[in-house]
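1. kindly return the folded structure for what I paste below:
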Amino acid sequence: MSVSMTIRDVPDETRDELAARAARAGQSLQEYVRGQLTALAARPSPDAFWARVDEQVRAAGTSLPAADIVAARDADRR
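-> Predicted coordinates:
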């Protein structure tokens, strides 16, 4: 089931940019914004994301110091 929403006080510049993006995508502004909201809701919140990362790090039982990660990155770039 879907529900209608009204978003008030959207700056003109924001509306214009979203309308331009919608036009480039061949969509109405409503279709474009609905798709963007659906994609946003499908992503985990930052808190949920970092909780999942922390859980995976703990499950792996390993940790690398930041200096080791940077050194490995730099070595790989050479």
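
2. hey, let's count contacts and neighbours off CA atoms from now on
-> Will do.

3. can you tell me the helix or strand for Ala20?
-> With secondary structure defined by DSSP states H and E, Ala20 is part of helix 12-24.

4. how far does that helix sit from its chain's centre?
-> Remark: helix 12-24 is offset 19 Å from the chain centroid, using CA atoms, centre = their mean, to the nearest Å.

5. just want the angle from the helix or strand just after that helix to helix 12-24.
-> Toward the C-terminal end, the helix or strand that comes next after helix 12-24 (DSSP H and E) is helix 29-42. If you take axes from the mean of the first three to the mean of the last three CA atoms, to 10 degrees, helix 29-42 sits at 100 degrees to helix 12-24.

6. related to what we said a few turns ago, pLDDT averaged over the helix holding Ala20 - what is it?
-> Here helix 12-24 scores 98 as its mean pLDDT.

7. what's the answer for stretch 49-69, then?
-> What stretch 49-69 shows for mean pLDDT is 86.

8. so how far is that stretch from its chain's centroid?
-> How far stretch 49-69 lies from its chain's middle: 21 Å, per CA atoms, centre = their mean.

9. picking that back up, check which helices and strands the helix holding Ala20 sits against.
-> Applying 3 or more CA pairs under 8 Å, 6 or more residues apart in numbering; DSSP states H and E, one finds that helix 12-24 contacts helix 29-42.

10. packing partners of the helix it packs on?
-> Using 3+ CA pairs under 8 Å, 6+ apart as the test, helix 29-42 ends up in contact with helix 12-24.

11. okay, the helix it packs on in PDB with CA atoms only?
-> These are the backbone C-alpha positions of helix 12-24, laid out as PDB (Å, rounded to 0.1, in the frame of the first residue of the first chain):
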ATOM      1  CA  ASP A  12      13.600  26.600  -5.400                       C
ATOM      2  CA  GLU A  13      17.100  25.600  -6.300                       C
ATOM      3  CA  THR A  14      16.600  22.100  -4.900                       C
ATOM      4  CA  ARG A  15      13.300  21.600  -6.700                       C
ATOM      5  CA  ASP A  16      14.900  22.800 -10.000                       C
ATOM      6  CA  GLU A  17      17.900  20.400  -9.600                       C
ATOM      7  CA  LEU A  18      15.600  17.500  -8.900                       C
ATOM      8  CA  ALA A  19      13.400  18.400 -11.800                       C
ATOM      9  CA  ALA A  20      16.400  18.500 -14.100                       C
ATOM     10  CA  ARG A  21      17.700  15.100 -12.900                       C
ATOM     11  CA  ALA A  22      14.200  13.700 -13.400                       C
ATOM     12  CA  ALA A  23      14.000  15.100 -17.000                       C
ATOM     13  CA  ARG A  24      17.500  13.600 -17.800                       C
END
